[in-house]
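Enquirer: sequence and predicted structure below; questions after.
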Amino acid sequence: MKINWRNFCDKTDEVIKLSFKKYSLFLLRLTPHQNIAQTVLAYTLLGTIVLCLPFMTTTHVSILDNLFTSAAAVSTSGLNTVNFADSYTFLGKLVVLLLIQIGGVGYMTFASFIFLSLSQRHHLRPHQQEALSTEVSLPNTLKMSDFLWSAVAFTTLAESIGAVVLYNYFRGQDFTVFNAIWYSIFHSVSAFCTAGFSLWNNSLENFADSRTINTVLCCLALAGSMGFIVIADLANFIRRKTKEISLTTKLIVISTLALLCLGTVTLLMTSPSLTITEALFQSIAAMTTCGFSTVNVSLLSSASLLVLILLMCIGGAPAGTAGGIKMTAFCTVVAIMHARLQLRSRVSILGRRIPSLRLYAATSTFLLYTLFLFISVFMLTWTEKLPFLSLVMESAAALSTGGLSTGISGELSFLGKLIIIGTMIVGRIGVITFGTAVLSSDEDDDKTVKPISTEDVAV
């Protein structure tokens, strides 16, 4: 039977156009939170399908392990159930790198920037503003357009500088030109997006004494973790668009320095075998949730593992590439507790009063994050027969997208891997965004709010 290829192509084109049209209509019916959630899921599934192609792997990798790798790349957690360096071909690693870049900077940030660049009026549509503000939490002092330009420009600049420095280093280590380019680009993007994926089997343990590797990757991780708010804020301050640096930027810088000092000193005390460089690197890796390691994490003391778990859970700054509760939310919760202990009704940080809306957001994030972490650990302890602290660290690494693990990812059962995959996806979407996506809909806005009586409750 002779196939009419012209007719076949026309019908295929018609089906594709119809599918895109229905998908666009489906997206319009979603709330901004649901849109973020479906985007993360869509990229994860798309990455899984591509990684399942036969020329993407060097050995047999199950669909579940490909799903795990795709989820780890999109969520920038860096956890692996297979030997990533040896299991995937160059094309497979390139796909993972693209997923890391999209997951790290954010789908809505990229999409909004492209629209903003192509738009003649150079402003976002209302639904785009709403969707982007859902993914990125910005202070009132910063415009969304300024944030977009600063985010993309800073990402390009930071990753390019990191890649150039790493290239020079690798060439000095007798790498070929191609390998030096590939390794420098991959690790520069992985570090800035705080993904933790490495092209070596033992992460960066071979480079524990390398000042160049330690310095460059730490700087890239800190740059991505501290977030684009700091860069945009400083740029506006230098160009005199604003009269002073915002409270958010001050809080991010102070918190970063304080947490690094706390983590480094505590690690040196609890694991005396670590050098200052190793302790500082692991503190940065945990706090920025980049997931790299220059030491064997499984050999650290239990006290050191608890410190790393705490730093991962706190995480980086809002509107950055790091995960976690976010240090601003954590500081706000601490400020609420401090105000309560002093019997004050007003909550302030650095002499500035915090709006009630931000207080609600911080406490909700803290409580929801704790709840999801508990659920993940509870389910893992139910399905796995592995050390409890290792399971806690695995769950914390997945939810915070931190990636630091004691090496039990590959030992997880089928259900255990599914639990960690779900935890990574929730961590990338964000606990508040995920909860709102599940519970809210556009119809809620149209419902008439019934008046309710007020009654005091003992707390």
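Expert: Done, it's in. Numbers count the residues shown, from 1 in each chain.
Enquirer: now the strands: where do they sit in the protein?
Expert: Here the chain has its strands, by DSSP state E, at 348-349, 352-353.
Enquirer: which of these is buried the deepest?
Expert: strand 348-349 (a mean of 16; mean count of other CB atoms under 10 Å). C-betas here are computed from N, CA, C, even on glycine.
Enquirer: name the residues that touch it?
Expert: 247, 251, 331-332, 335, 339, 354 (CB atoms under 8 Å, 6 or more residues apart in numbering).
Enquirer: which one of the residues you listed sits closest to residue 225?
Expert: residue 251 (14.0 Å; CB to CB).
Enquirer: on the pLDDT front, check that closest one for me.
Expert: For residue 251, the pLDDT comes out at 89.
Enquirer: make sure it is actually in contact with residue 328.
Expert: Yes. The criterion here is CB atoms under 8 Å, and residue 251 meets it with residue 328 at 5.6 Å.
Enquirer: more crowded one of these two?
Expert: residue 328 (27 against 19; other CB atoms under 10 Å).
Enquirer: residue 310 versus that one, what's the distance?
Expert: Using CB to CB, to the nearest Å, residue 328 is found at 16 Å from residue 310.
Enquirer: show me where the stretch 301-450 of the chain has its helices.
Expert: Secondary structure of the stretch 301-450 of the chain, counting by DSSP state H, counting those that start in this stretch: helices at 302-314, 327-341, 356-383, 388-399, 414-429, 431-439.
Enquirer: pLDDT weak spots in the stretch 1-150 of the chain?
Expert: For the stretch 1-150 of the chain, applying pLDDT under 70 flags the ranges 1-6, 8, 10, 13, 15-17, 19-28, 30, 106-149.
Enquirer: that one: helices as residue ranges?
Expert: Ranges of helices within the stretch 1-150 of the chain are 5-28, 32-51, 63-74, 84-87, 90-105, 107-118, 126-135, 144-172, based on DSSP H, counting those that start in this stretch.
Enquirer: which parts of the second one are buried?
Expert: Buried residues in helix 32-51, counted by 16 or more other CB atoms under 10 Å: 32-40, 43-44, 47-48, 50-51.
Enquirer: angle of it against helix 90-105?
Expert: Helix 32-51 and helix 90-105 are oriented at 170 degrees to each other (axes from the mean of the first three to the mean of the last three CA atoms, to 10 degrees).
Enquirer: next up, the contacts around residue 424.
Expert: Shown in contact with residue 424 (CB under 8 Å, 6+ apart): 71-72, 75, 77, 79, 398-399, 401.
Enquirer: hmm, try it at 6 Å
Expert: 71, 75, 77, 398 (CB atoms under 6 Å, 6 or more residues apart in numbering).
Enquirer: okay, now residue 72: neighbour count?
Expert: 34.
Enquirer: so how far is residue 60 from it?
Expert: Applying CB to CB, the value for residue 72 to residue 60 is 19 Å.
Enquirer: same check on residue 247?
Expert: Counting by CB to CB - residue 247 and residue 60 are separated by 53 Å.
Enquirer: so where's the stretch 351-459 of the chain uncertain?
Expert: For the stretch 351-459 of the chain, the ranges with pLDDT under 70 are 440-459.
Enquirer: more neighbours: which of residue 247 and residue 60?
Expert: Between residue 247 and residue 60, residue 247 has the larger neighbour count (other CB under 10 Å), namely 16 against 9.
Enquirer: distance of the spatially closest residue to the more buried one that is not a sequence neighbour from residue 337?
Expert: Using CB to CB, 6 or more residues apart in numbering and skipping the chain neighbours, the partner closest in space to residue 247 is residue 352 (5.0 Å). To residue 337, residue 352 is 17 Å away according to CB to CB.
Enquirer: same deal with residue 328?
Expert: 15 Å.
Enquirer: neighbours of residue 381, how many?
Expert: Counted with other CB under 10 Å, residues neighbouring residue 381 total 14.
Enquirer: same thing with residue 389?
Expert: So residue 389, with other CB under 10 Å, has 13 neighbours.
Enquirer: so who does it touch?
Expert: 302, 305.
Enquirer: got the phi and psi for residue 296?
Expert: Dihedral pair for residue 296: phi -80, psi 110, per degrees, to the nearest 10.
Enquirer: ok now do it, which residues does it touch?
Expert: With contact set as CB under 6 Å, 6+ apart, residue 296 has no partners.
Enquirer: change it to 7 Å
Expert: By CB atoms under 7 Å, 6 or more residues apart in numbering, residue 296 lies in contact with residue 205.
Enquirer: could you find the closest non-adjacent residue to residue 207?
Expert: residue 213 (4.1 Å).
Enquirer: let me fix that: residue 194
Expert: Of all residues not flanking residue 194 in the chain, residue 290 sits nearest, at 4.0 Å (CB to CB, 6+ apart).
Enquirer: isn't that neighbour up against residue 192?
Expert: No. Applying CB atoms under 7 Å as the test, residue 290 and residue 192 come out as separate, 8.7 Å apart.
Enquirer: hang on, isn't residue 379 packed against residue 420?
Expert: No. With contact defined as CB under 7 Å, residue 379 does not reach residue 420; the gap is 9.7 Å.
Enquirer: identify all contacting residues around stretch 255-269.
Expert: Residues outside stretch 255-269 that contact it (CB under 7 Å, 6+ apart) are 226, 274, 276, 279-280, 282-284, 286-287, 304, 307, 311, 314, 327, 331.
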